[in-house]
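Colleague: Please work out how this folds:
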Amino acid sequence: MARINHDTIDLWQGWQRRELRVDRCADCGTWVFPPRPFCPDCWSDTLVGTVLTGAGRLVSYSRPRVAPGAPPVVSGVVALTEAPGVRLLARIEGIEPERVTLGMQLALGWWEDAGGVYPQFGPVDADQVRLPADAARGADADADADAAGGAGQGAA
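Modeller: Got it, this is the predicted structure:
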């Protein structure tokens, strides 16, 4: 997470409430992300925080190598359906890394770490969801996913 300041505090506080908030210019309608003090199109400072459902599609991803025995990690860039032009970098969970594909539809979920709550995304398509029998890492992987807030589960 970038430094928390007067421009990013609403985003951060929204995440702690499990809300995905993106600012929108009240004057021209431009979505403003990452947070900043004014609209990049019309320079208005009349920005309104808007809560989104977090539906999106995967436009880029990375499957970095991890140490032997460590759980695989997929990071992705998600284009938010409700906010054209807004892309969010987040963890992709609830699917085996080998099954991740560009363009796949994703839903917002949340994971907790020692420092707070963060957005993550998981597959919408039931054929892509990692089932317990599919988990290459065994029962521990399923417990980790449950503890992480269930990737792909919509925010309440």
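Colleague: Which elements pack onto the strand or helix carrying Trp12?
Modeller: Following DSSP states H and E, the helix or strand that holds Trp12 is helix 9-16. Judged by 3 or more C-beta pairs under 8 Å, 6 or more residues apart in numbering; DSSP states H and E, helix 9-16 is in contact with strand 20-25, strand 47-52, strand 116-123. Placement of C-beta: from N, CA and C, glycine included.
Colleague: what ranges of the protein fall below the confidence cut-off?
Modeller: For the chain, the stretches flagged by pLDDT under 70 are 1-2, 126, 128-156.
Colleague: And the strands in it?
Modeller: Ranges of strands in the chain, per DSSP state E, are 20-25, 31-32, 47-52, 56-62, 75-80, 87-92, 105-113, 116-123.
Colleague: Would you mark the buried spots in stretch 79-90?
Modeller: 79-80, 83, 86, 88, 90 (16 or more other C-beta atoms under 10 Å).
Colleague: Can you give the domain ranges for this structure?
Modeller: 1-52, 54-156 (automatic domain parsing).
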